[in-house]
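Novice: Quick one: sequence plus predicted model below, questions after.
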Amino acid sequence: MALKAGVQWDEDAASDTCSLLDKNNLPQPEVVTFQKESLWATSIQMFIPFLLAGFGMVAASLLLDKVQHWTVYHEVSEVYILVPALLGLKGNLEMTLASRLSTHANLGHLDTRQQMLSLIVGNLALILCQAIVVGFLASLAAVIFGWVPSGVINVNHALLLCASSIVTAFGASFILGLVMVGVILFSRYFNINPDNVATPIAASLGDLTTLACLSWLASLFYHTMDSHPWFTTIIIILGLILVPVWAWIASRNEYACAVLFSGWSPVIAAMIISSVGGLILDFTVSQYKGVAVFQLVINGVGGNLVAVQASRISTELHSKAKPGHLPNNMQVCISPCSAFCDSNETSHAGTARMLMLMVIPGHLVFSYTISYLQAGHTSFTLIFMIVYLISALLQVLLLLYIAQVMTLSMWKHHIDPDNSAIPYLTALGDLLGTLLLGIAFQFLFLIGDRDSDVEAMGSINHVQLSRKSSDTPSPSSAFDTGPTIDMEITLVNSPQDNSDNDNGRLPDVVVEAKIYDDEDQIRETYFSIAIQVFIPFLIAGFGMVFAGLVLDRIQHWPVFEEITELVILIPALLGLKGNLEMTLASRLSTQANLGHMDTAKQKISIIVGNLILIQCQAIVVGFLGAVVAVVMGGIKSNDVELDHAYLLCASSLVTVSIASFVLGLITAGVIVFSRHCHINPDNVATPIAASLGDITSLTLLSWVSTVLYDSIGTQDWLAPLIIAGYILAIPLWVWIAKRNIHTKDVLYHGWTPVMGAMLISSMGGLILDFMVSRFEGIAVFQPVINGVGGNLVAVQASRISTALHKQAELGILTSESNADEDTVIFISPVTSFCGKGVHARTTRVLMSMVIPGHVIFIYTIDYMKGGDTSLSSLFVVVYLCAALMQVATLLYVAYIMIHWMWKKKIDPDNSAIPYLTSIGDLLGISLLAIAFQFLYLCNVGNRFGNFPSQQAYNQIS
């Protein structure tokens, strides 16, 4: 529910949180009403934090997959039992803290500084006290659960567990408690319902922080166990001494006193339940190593979703009734069908359905992110994903049903669900998740879907032998590579006998060998292309969304209103990212795929040379872009002001120089990392570089131009000095780039594409300058539509260029059907999109990303602007049609242009992407302008909220 202000409250409130809200303790808030949230507002407020939390859980899962091989985890296996208990402590303490503070925020009790400080200090002292006690008890439970099957207790191991648990619980709770407070205050400030966002955002850091602390501390204490045996004992004593201190502080706080005395049962019971889940994890990890990387994800997703539901139900109960009395039309014992399908407005079935809808997309994103990062010990087969998703759905389904029954039952029995429900629910989520995951892996093993996660069924050794070309390329050609042979040998030992040869009889299968040629090695599936492209594409898209929001804000700054030529400069400078960084990415991707970046010497030479080259090109093209903006602005206004011209040139030079250097480093780092992780850099380099490109360039341009604008009249020498300094630096960069073998040719022949692209982008800037004065709302969408088109076509161009470099020499086109070269170049649109070739397949994959990507990005913009854009269905349809038309045109043009350039002995790595991204800018702005004009003619403007009135439109026209 969303608040307008304050709340109406009953005088007889009397439970943990409720007693704190009594008007004798607090100033009486203003009476307000609660407004029903829309389905979209609720879902978007939940899903974005849910994604953030999910990626935090993925990071924690990858960490657990790594640390499970550490010595301390092998020698002190009880640490596994601690993992769910301590991670569950985040749910038991931080999520209840979030639920309590969310209720207070929604009831208007965080509006004064005195109330805010009292609430925050009291609750932090409370959770630190609870964290130490529960952490200590969790370590005792781990020791006991470890002793039961073995019958032996190692005192040093027990001390290690206690010390690690206490310090981890204390440190993580303090950090996450501060994060929770910040999230609640931030949500309150921006009128976002904290019930929807607080718990998932805290969870995004919770698992990773807790697991990292536990692993590091356990390893530290393990290595000091023999040399400093007293160390862990002192840590335990100090931790326990602090308990009375925090308890005393909490007992003197009116907001924490009640919970201090009555809030122990839920967290302790939840700790025991989570420890049982840890015992299951300890057992299953020894059988299936692949369980570790998924355990945190499935538990975290279930815990986060059910915490949101419980927090929302609790807030509604606090706002509508007093403890012991349920609001009208609410029942404790309801059927599962009613819990998910009830159409009554007072029910929470709508939220339950919404949360269920997030399970499959969320787990697909998180699990394939794990696969993309090549973590874990499990292959992502179709049957694995089906079984895994069924387990996840069953877990969340049970949790959401139990949440509704448990929360209402607690309220009816005068128990505050803010303090009691979430600990039980998250602990049940841990137990259910680990149990269902173990059953899933056992089921997969029984049906034969076995992988390296199963260690109990024999010794399987994988040996890879490779013979690769020399690290140093042949002088005759920069792209010649020697033959490569990859062989995979699998040796299978009999699991039933320990003898080496079974009395001289060979096993049925001695060796399986596969020899891969280059074609087999580089062949990519639809899915591998899609997953490698889509995640960087999403990251880049959110970068463009923020760039659009920045542009939407800065267009009203005085410098942009006084010097409108800056708007003309924006597409040229953002396009320069495509003209330089994307060509850099394409060149380095080709070099990496051809094995020319395998040694440190090669990497340094190629990266340094290319960074110097793009610095030189950036200064020259940035200066010319500013000159073009001045000329176009002068033609439009018939007047050129010298101070404004200096400002444009200086702003452009500083922006392109710094942005190109920063983005060049990022691009090089992404490609080196991709090479290290065996990821095709053609798929990821350009989108990831683009994720920061637009917002970096826009921020720099707006900041530098504002500084220079403020200096006009006081420091008139500043802009000319900057221009002179950069122009004098050009010969130095040229001299360095000329001496580098990797950039010498591009230095002489790489100017025409970036110059031509700059002119094309400047034409787009002229259109943008013209349209912004008519349709204010166009600014926020311009970086998004241009960026999406540019990123997708850059991926396609980079892949085609790499394929051509591998297949033949520059100037020679090959075809499987031996068709003439003109037929290879000038293909029909049908062949381009529906053909059987690898590039047609990539085209279809890229086209399939347009609509989902743009839907996510434009609704994120709407959410970030607080619904100010009022997206109508007609607007979304027209906008998506424009985006589809832009990308389809670009992908078709890309194929023809790159093959034509190759035939003419023009390296597409240096020439194609600048033209394509600038054409994408021009197409994107033009189609966006047509879309806005069409919507205005359809009279959608007034509903959309960003178009001028008819009278204003006539005046500016």
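Specialist: Looks like it arrived, so ask away. Numbering: from 1, shown residues only.
Novice: so where do the helices sit in the stretch 551-700 of the chain?
Specialist: Secondary structure of the stretch 551-700 of the chain (DSSP state H, counting those that start in this stretch): helices at 558-562, 565-576, 582-593, 600-637, 642-676, 681-711.
Novice: could you redo those helices as TSV and give each row distance to I237, mean pLDDT and mean neighbour count?
Specialist: Using the backbone N, CA and C atoms, a C-beta is placed for each residue, glycine as well. Output for the helices of the stretch 551-700 of the chain, formatted as TSV (distance: least, Cβ to Cβ, whole Å; pLDDT from 0 to 100; neighbours: other Cβ atoms under 10 Å):
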stretch	distance to I237	mean pLDDT	mean neighbour count
helix 558-562	62	82	15
helix 565-576	60	73	29
helix 582-593	55	75	28
helix 600-637	50	82	21
helix 642-676	45	85	22
helix 681-711	48	76	24
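Novice: which one of those helices lies closest to H104?
Specialist: H104 lies closest to helix 681-711 among the helices of the stretch 551-700 of the chain, at 35.0 Å (Cβ to Cβ).
Novice: residues of the next helix or strand after the closest one that come out buried?
Specialist: Downstream of helix 681-711, the first helix or strand assigned by DSSP states H and E is helix 718-738. Residues L718, A719, I722, I723, Y726, W733, I736, A737 are the ones in helix 718-738 that count as buried (16 or more other Cβ atoms under 10 Å).
Novice: Please name the nearest non-neighbouring residue to T699.
Specialist: V550 (6.3 Å; Cβ to Cβ, 6 or more residues apart in numbering).
Novice: what separates the one you found from L432, distance-wise?
Specialist: 43 Å (Cβ to Cβ, to the nearest Å).
Novice: Likewise for I679?
Specialist: Per Cβ to Cβ, I679 is found 34 Å from L432.
Novice: next one: G725
Specialist: To L432, G725 is 64 Å away according to Cβ to Cβ.
Novice: Next: L211.
Specialist: Distance of L211 to L432, given as Cβ to Cβ: 20 Å.
Novice: And for F542?
Specialist: Applying Cβ to Cβ, the value for F542 to L432 is 32 Å.
Novice: between those two, which one's more packed in?
Specialist: Neighbour count, other Cβ atoms under 10 Å: between F542 and L432, L432 has more, with 22 against 16.
Novice: Return the list of helices and strands in contact with the helix or strand harbouring the more buried one.
Specialist: Following DSSP H and E, one finds L432 within helix 417-446. If you count contacts as 3 or more Cβ pairs under 8 Å, 6 or more residues apart in numbering; DSSP states H and E, helix 417-446 packs onto helix 16-20, helix 79-89, helix 95-106, helix 264-287, helix 291-320, helix 382-412.
Novice: Find out how far it is from the centre of the chain, if you would.
Specialist: 25 Å (Cα atoms, centre = their mean, to the nearest Å).
Novice: pLDDT of it, averaged?
Specialist: In this model, helix 417-446 has an average pLDDT of 79.
Novice: Run the angle between that helix and helix 382-412 for me.
Specialist: Interaxial angle of helix 417-446 relative to helix 382-412 (axes from the mean of the first three to the mean of the last three Cα atoms, to 10 degrees): 160 degrees.
Novice: in helix 417-446, what counts as buried?
Specialist: For helix 417-446, the neighbour count (16+ other Cβ under 10 Å) marks 417-438, 440-441, 444-445 as buried.
Novice: Confirm that K836 sits in a helix.
Specialist: No. Under DSSP: H, G, I helix; E, B strand; the rest coil, K836 falls outside any helix and is assigned coil.
Novice: Could you check how far it is from T843?
Specialist: Counting by Cβ to Cβ - K836 and T843 are separated by 12 Å.
Novice: and the two? which has more neighbours close in?
Specialist: The residue with more neighbours, out of K836 and T843, is T843; 23 against 7, by other Cβ under 10 Å.
Novice: M771 versus A931, what's the distance?
Specialist: Computed as Cβ to Cβ, the A931 to M771 distance reads 11 Å.
Novice: List the backbone torsions phi and psi for R774.
Specialist: R774 adopts backbone torsions of phi -100, psi -40, taken as degrees, to the nearest 10.
Novice: To what extent is it buried, counted in neighbours?
Specialist: By the criterion of other Cβ under 10 Å, R774 has 17 neighbours.
Novice: From what I see, L922 and G764 are in contact.
Specialist: Yes. Under the criterion of Cβ atoms under 8 Å, L922 makes contact with G764 at 4.3 Å.
Novice: So those two - more neighbours on which side?
Specialist: G764 (27 against 23).
Novice: State the mean pLDDT of the helix or strand where that one lies.
Specialist: Using DSSP H and E, G764 falls within helix 751-772. Averaging pLDDT along helix 751-772 yields 73.
Novice: list the helices and strands that helix packs on?
Specialist: Helices and strands touching helix 751-772, by 3+ Cβ pairs under 8 Å, 6+ apart, are helix 565-576, helix 600-637, helix 778-807, helix 908-937.
Novice: now that helix against helix 600-637, angle please.
Specialist: Going by the same axes, to 10 degrees, helix 751-772 makes 40 degrees with helix 600-637.
Novice: and helix 751-772 with helix 565-576, angle?
Specialist: Going by the same axes, to 10 degrees, helix 751-772 makes 140 degrees with helix 565-576.
Novice: May I have helix 751-772 as PDB, with CA atoms only?
Specialist: What follows is helix 751-772, C-alpha atoms only, in PDB (Å, rounded to 0.1, in the frame of the first residue of the first chain):
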ATOM      1  CA  TRP A 751      40.000   8.800 -40.200                       C
ATOM      2  CA  THR A 752      37.400   8.700 -42.900                       C
ATOM      3  CA  PRO A 753      35.000   6.400 -41.000                       C
ATOM      4  CA  VAL A 754      35.000   8.400 -37.800                       C
ATOM      5  CA  MET A 755      34.800  11.700 -39.600                       C
ATOM      6  CA  GLY A 756      31.900  10.500 -41.800                       C
ATOM      7  CA  ALA A 757      30.200   9.100 -38.700                       C
ATOM      8  CA  MET A 758      30.600  12.300 -36.800                       C
ATOM      9  CA  LEU A 759      28.900  14.200 -39.600                       C
ATOM     10  CA  ILE A 760      26.000  11.700 -39.700                       C
ATOM     11  CA  SER A 761      25.600  11.900 -35.900                       C
ATOM     12  CA  SER A 762      25.700  15.700 -36.000                       C
ATOM     13  CA  MET A 763      22.800  15.600 -38.400                       C
ATOM     14  CA  GLY A 764      21.000  13.500 -35.900                       C
ATOM     15  CA  GLY A 765      21.900  16.100 -33.300                       C
ATOM     16  CA  LEU A 766      20.300  18.800 -35.400                       C
ATOM     17  CA  ILE A 767      17.100  16.800 -35.500                       C
ATOM     18  CA  LEU A 768      17.300  16.200 -31.700                       C
ATOM     19  CA  ASP A 769      17.800  20.000 -31.100                       C
ATOM     20  CA  PHE A 770      14.800  20.700 -33.300                       C
ATOM     21  CA  MET A 771      12.500  18.100 -31.700                       C
ATOM     22  CA  VAL A 772      13.400  18.700 -28.000                       C
END
